[in-house]
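J.: fold the following.
(chains A and B)
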Amino acid sequence: MKSLENLMRKFEPTKDSKWAKFHPVWDALYTFAFTPNETTHNGAHIRDGIDLKRTMFTVIIALIPCLLFGIYNTGHWHYVALGEAGGYMDFFGDKLIYGLLQVLPIVIVSYGVGLGVEFIFCIKNQHAIQEGFLVSGMLIPLIVPADIPLWMVAVATVFAVVLGKEVFGGTGMNIVNIALTARAFLFFGYPTMMSGNKVWMSGIAEAGDKVPEGVTGATQLGDLASFTFPQEEWTFQSGISGFTDHWSIWDSFVGMIPGSIGETSVIAILIGAAILLYTGIASWKIMTSFVLGGLAVGFLANTFAVNPYMELDPLHHMVIGGFAFGAVFMITDPVTASQTSTGKYIYGFLGGALSITIRVFNGAYPEGVMMAILFMNIMAPMIDHYVVQSNVKRRLKRLKTA
Amino acid sequence: MSKTIKIRKGLDIKLIGEADKVKATVSAPIFAIKPPDFHGLVPKMTVKAGDKVKAGSIIFTNKYQEEVKFVSPISGEIAEIVRGEKRRILAVTIKPDASNEAESFGKIDPSNMDGEAVKAALLANGFWPFIKMRPLDIVANPYDKPKAIFVSAFDSSPLAPDYDYILHGENDAFQAGLTALSKLTEGKVHLTVRSDMNIDSTFTSAKGVQINKINSKHPAGNVGTQIHHIDPINKNEIVWTVNAIDVALIGRSLLAGQFDGSRTVALTGSEVKKPKYIKTAIGANIAAIIEDNIEGDNVRYISGNVLTGDKVETTGFLGFYHNHVTVIPEGNESKFMITKGWLSPGLSKFSINRSYFSWLMPNKKYNLDTNLNGEVRSFVVTGEMEKVFPFDIYPMQLVKATMYNDIDLMENLGIYEVAPEDFALCEFVCTSKVSIQKSIRGGLDVIQEECM
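T.: Numbers count the residues shown, from 1 in each chain, chains lettered A, B, ... in the order given. Below you'll find the model as predicted:
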């Protein structure tokens, strides 16, 4: 590998060459291929083997099961919408190919545009390029519907990276989750492409009368959200039992439901969660408290049910929509989450609680998870502030009692 | 009234090259006392090159507090006063002679002296620099009234010297040192020993002190950890600390009536052929300590342990407070991502996370080099410092406060309780490779200037 290194070293822009401005780009490529020969100077002479690249890479590995299942699922619902395939394994190869053609361009656009923006800012500011977008770039495709036009992905990514991150100073400085900023932008900017009955099964909008009877294109969340409206608008007039008869909890767990590309399969998400928790990359405190918060409000809603949505089994809440995906990959983003241990429990719990609250009360936002996490991102510094203040008070009290 | 403390947080970094319990004696050709070993000290020289000195002869004093004197560990001749930028004195080197003469101050039995007399004896004969103070982790101010004095009976850092071995049989000297210290405070002298190992009788038979127990996961051996759990420092309180080996040195010297600068040093690290203990004196030349015992050329010599020690050259010298020399490979080679870098399985990488597969071998001893293992980044990952920082203090918030110099916040978050060495493990685990010990020292400097 010495030869490759020498080759790369040869292309390193010197300070006075006309390419000097592009040193951050060279640096990004070089440090991608080689951990530099930088040694410790003061303080600890040895350092932990981990770096930010490894951290981000581990998260990407954890996202791979979701991506693969998402590719299959996109193809599956496409053929369901066309009325050609009912069973899981029918047209398996075709489904994969269709899914790949649908999903890969989104991934490429998301990475291309996002990294492009990062490079521009790093050249402008002469900073080293930090790895934060490696994960955001994978998250964005996984939380949008497969039929989204690529230009929308590009616009949303630019918006998220510039206004979500770079204006605050780049990786590690952002207030709200980048991927969710992109999704929120799409949700409010292009609501017809992010909600309703025409986007969740790839190709259903063009399928016309090929769509078999009974296939509406709605997601579970859409069906459930109708319960928050007057009864004549309910999808299932028989109430919540109609819903549970139509959508089995097992299908939701496996992921055989329409939805955003990567969010449907709880199994795939759990594999990711296992990787993140076992390697110690994500905080189990946030993850478990988020789930507990969701369950708690789920039970509360059961107790005080004023609409049929509130009668839904709390466990069922866990497997539909983006709840599981949010719990594992979104709320745990360390930059935007609470940074103190106690704060993490509070932050996660409130995030989970708020997700379900928004779901069961506000039919206009069927996916409460996105709103809840963005809201908690903004609240996280305040939670930390109070946690830190309690530590300060404890210290002052010790002084007085001593 | 002893306390038993169990800390769960912390980290033992298992490295190759622990010292065998073999002692060799080395007579180094040159020694040095280095003013930079005493943070913030401005020395006022009392000797010049060519002067003859004895062990215990004053070499320089603190310019702003001339009672605090720094003495020669051996007898010989001042070889050179090494100066750096702005004529700052970096080291005073001393060539030893064979006479082994020492300034005699008459045998002192601290047990029937009062505090002022003990203090005067320690100040006059150059023992004071061994006493450090918290907050700030600098040489103690003799006019402070410490609420307690802490002595740690072990060092838990990686490859640390075994105090039980070094001080075995020094019961009288150690006890004399402790007795002297106990006269300096109206509070207690705390001696903290490991709870999970056999302790040498030097420590268990100590009298006139409170013996506390703590389990031995690093940083339990750091006196800062012990203070925090036994008698934490509040604002305006002072605690003094002395290394157990220096306590014995003080006691031994007082009993003998002359300064005894001899010191047993653990020579450790993966690049040492035969790691062992070496008997020499304070400030010995590194080349003499490591002589013919090093494998490879591209190595780093560290006076002290791998977490807090100072980088030295072979022409350098053992630090004043150090009982430990570590030699590890230099990591100044780039690492290709797939074979050794961030995409590798990482069987030879030590990490507190399990993202590298080295977690498959929990008992493996590692040969770590000085590579930063990544580039400096903004803080991204949270919660990792808390895993290795057994204080009721928020480490990341405190480090950030020191970075933007918010004095109020530093005070509130507990800057008075910490020293840079307490943050060594935080620095080790930091994914973003931030220089944390330097930040904390910077914060302490600000506090010293503004608040003390």
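J.: quick check: closest non-adjacent residue to B:Leu123.
T.: B:Glu67 (5.0 Å; Cβ to Cβ, 6 or more residues apart in numbering or on different chains). C-beta coordinates here come from the backbone N, C-alpha and C atoms, glycine included.
J.: quick check: pLDDT value at the one you found.
T.: Per-residue confidence (pLDDT) for B:Glu67: 88.
J.: same deal with A:Gln220?
T.: If you check A:Gln220, the pLDDT there is 80.
J.: which SSE is the residue nearest to B:Leu123 in?
T.: Assigned by DSSP states H and E, B:Glu67 belongs to strand B:65-71.
J.: just checking, what packs against that strand?
T.: Strand B:65-71 makes packing contacts with strand B:58-62, helix B:115-124 when contacts are defined by 3 or more Cβ pairs under 8 Å, 6 or more residues apart in numbering or on different chains; DSSP states H and E.
J.: next structured bit after the last one?
T.: When you say that, I think you mean helix B:115-124. strand B:132-134.
J.: how's chain A carved up into domains?
T.: Domain segmentation of chain A under automatic domain parsing yields A:21-34+A:51-194, A:224-384.
J.: could I get those domains as TSV with distance to B:Gly10 and mean pLDDT?
T.: Formatted as TSV, the domains of chain A follow (distance: least, Cβ to Cβ, whole Å; pLDDT from 0 to 100):
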stretch	distance to B:Gly10	mean pLDDT
domain A:21-34+A:51-194	22	88
domain A:224-384	16	87
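J.: just so I know, which of these lies nearest chain B?
T.: domain A:21-34+A:51-194 (2.4 Å; Cβ to the nearest Cβ).
J.: how about residue 358, secondary structure?
T.: No chain specified, so I'll use chain A. Using DSSP: H, G, I helix; E, B strand; the rest coil, the structure places A:Ile358 in helix.
J.: contacting residues for it?
T.: A:Ile358 sits next to A:365, A:368, A:371-372 when contact means Cβ atoms under 8 Å, 6 or more residues apart in numbering or on different chains.
J.: same check, this time on B:Arg441
T.: Here B:Arg441 is in contact with B:39, B:420 (criterion: Cβ under 8 Å, 6+ apart).
J.: rerun that using 6 Å as the cut-off
T.: B:Pro420 (Cβ atoms under 6 Å, 6 or more residues apart in numbering or on different chains).
J.: model confidence over the helix or strand hosting it, on average?
T.: For B:Arg441, the host element (DSSP H and E) is helix B:436-451. Regarding helix B:436-451, the rounded mean pLDDT is 90.
J.: am I right that A:Phe243 falls within a helix?
T.: Yes: counting by three-state DSSP, A:Phe243 falls inside a helix.
J.: identify the residues contacting stretch B:156-172?
T.: Contacts of stretch B:156-172 (Cβ under 6 Å, 6+ apart): B:13, B:15, B:18, B:21, B:154, B:200, B:202, B:216, B:218, B:220-221, B:244, B:248, B:264, B:266, B:268, B:305-307, B:323-324, B:326.
J.: and chain A, which of those reach it?
T.: Among the contacts of stretch B:156-172, the residues that sit close to chain A (Cβ under 6 Å from any Cβ of the partner chain) are B:306-307.
J.: of the contacts of stretch B:156-172, buried ones?
T.: Neighbour counting over the contacts of stretch B:156-172 (16 or more other Cβ atoms under 10 Å in any protein chain shown) leaves B:13, B:15, B:18, B:154, B:200, B:202, B:216, B:218, B:220-221, B:244, B:248, B:264, B:266, B:268, B:305-307, B:323-324, B:326 as the buried ones.
J.: from the residues you listed, which land in helices?
T.: Judged by DSSP state H, the buried ones among the contacts of stretch B:156-172 include B:202, B:244, B:248 as members of helices.
J.: among those residues, which one sits closest to chain A?
T.: Closest approach between these and chain A, by Cβ to the nearest Cβ: B:Ala244, at 23.1 Å.
J.: that closest one contacts B:Phe154, doesn't it?
T.: No: using Cβ atoms under 6 Å, B:Ala244 is not in contact with B:Phe154; the gap is 7.7 Å.
J.: for B:Asn367, give its distance to chain A.
T.: Computed as Cβ to the nearest Cβ, to the nearest Å, the B:Asn367 to chain A distance reads 10 Å.
J.: before we move on, what about B:Thr402?
T.: Distance, B:Thr402 to chain A, by Cβ to the nearest Cβ: 13 Å.
J.: and that residue, what helix or strand is that in?
T.: Element membership of B:Thr402 [criterion: DSSP H and E] is helix B:395-403.
J.: can you pull the residues of the stretch 101-250 of chain A lying near chain B?
T.: A:130, A:171-172.
J.: chain A contacts on the stretch 201-350 of chain B?
T.: With the criterion set to Cβ under 6 Å from any Cβ, the stretch 201-350 of chain B comes near chain A through B:234, B:302, B:306-307, B:331-337, B:341-342, B:346, B:349-350.
J.: for PyMOL, write a command that selects the buried ones of those.
T.: Remark: buried members of those, expressed as a PyMOL selection using 16+ other Cβ under 10 Å:
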select buried, chain B and resi 234+302+306+307+331+333+334+335+336+337+341+342+346+349+350
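J.: any idea which helix or strand in chain B has the lowest mean pLDDT?
T.: Lowest on mean pLDDT, DSSP states H and E among the helices and strands of chain B sits strand B:335-336, with a mean of 80.
J.: make sure A:Ala301 is actually in contact with A:Val360.
T.: Yes: with contact defined as Cβ under 6 Å, A:Ala301 and A:Val360 form a contacting pair (5.2 Å).
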